[in-house]
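S.K.: Give me the fold of what follows.
(one chain, ligands or ions: 1)
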Amino acid sequence: MTFEQCDAAELQPEEPFDVVVVFNAVHDQVDPAAMLRRAREALVPGGLFVMNEPRMPDALEDNLDNPMAPFTYSVSTLHCMTVSLAHGGAGLGTGWGEQAALRLLDEAGFGDVTVETVPRDPGNALFATGAP
Ligand SMILES: C[S@@+](CC[C@H](N)C(=O)[O-])C[C@H]1O[C@@H](n2cnc3c(N)ncnc32)[C@H](O)[C@@H]1O
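M.R.: Residues are numbered from 1 along each chain as shown. The predicted structure is shown next:
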C-alpha cells in the first residue's frame, strides 16, 4: 500500500482505482465539481465512489427543527465554507445538503446514487454511486 498527497481536484492516478472514498471532504473543496469529475475519471468502468457528508436538507428553512443545524452551520462558517471561499472557491459549506450533493454527483457523470444512513451516525449520509 502507498500513500500520496495531492490536490484531489487534480487527481490523476497511474492506474485507475476500483473504489474512491471521500470522508466529509467534498463540501470544503475549492472546486468540488472538478474534484468529483476527477474522482469519477479515476475509477475503472463500474468502479465504486463513496462519500460521507452531513445529512441535512439544502435550505436553511428546512433545517429549523434539525438539532444538528446550529452546530453544522457554525462549523461551516468558521471553517469549511470559509476555506473554500478564501481561495475563490464554490463555498459549499458543511450544510450544502443532500439535493445539492445529488446534483453535483449527476453533473460529474456518476450513475444512480444510493443514500444510506450509517448505524450510530445519524448526522451523516453515505452516498454510493459508480462510474457508468
Ligand atoms: C472536514 S475535513 C475532513 C477530514 C477527514 N477526512 C475526516 O473525515 O475527519 C476536510 C479535509 O479535506 C481536505 N481537502 C480539502 N480540499 C482538498 C483538496 N482539493 N485536495 C485534497 N484534500 C482536500 C482538507 O485538507 C481537510 O483535511
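S.K.: Any figure for the gap between the most centrally placed residue in the chain and the ligand?
M.R.: Geometric centre of the chain, nearest residue: residue 26, 3.2 Å, by C-alpha atoms, centre = their mean. Remark: distance between residue 26 and the ligand (C-beta to the nearest ligand atom, to the nearest Å) = 8 Å. Yep, even glycine has a C-beta here, placed from its N, CA and C like the rest.
S.K.: In three-state terms, label that residue for me.
M.R.: Secondary structure state of residue 26, per DSSP: H, G, I helix; E, B strand; the rest coil, is coil.
S.K.: In stretch 96-112, which residues are buried?
M.R.: 96, 97, 98, 100, 101, 102, 104, 105, 108, 110 (16 or more other C-beta atoms under 10 Å).
S.K.: now it: mean pLDDT?
M.R.: The average pLDDT within stretch 96-112 is 96.
S.K.: what's the span of it, first residue to last?
M.R.: End-to-end distance for stretch 96-112, by C-alpha to C-alpha, to the nearest Å: 20 Å.
S.K.: What of stretch 102-115?
M.R.: In stretch 102-115, first residue to last residue: 9 Å (C-alpha to C-alpha).
S.K.: residues in contact with that stretch?
M.R.: Residues outside stretch 102-115 that contact it (C-beta atoms under 8 Å, 6 or more residues apart in numbering): 26, 32-33, 36-37, 39-40, 49, 98, 125-132.
S.K.: check contacts around the residue nearest to residue 8 when sequence neighbours are not counted.
M.R.: Leaving aside its chain neighbours, residue 8 sits nearest to residue 35 (4.8 Å; criterion: C-beta to C-beta, 6 or more residues apart in numbering). With contact taken as C-beta under 8 Å, 6+ apart, residue 35 is in contact with 8, 9, 11, 26, 29.
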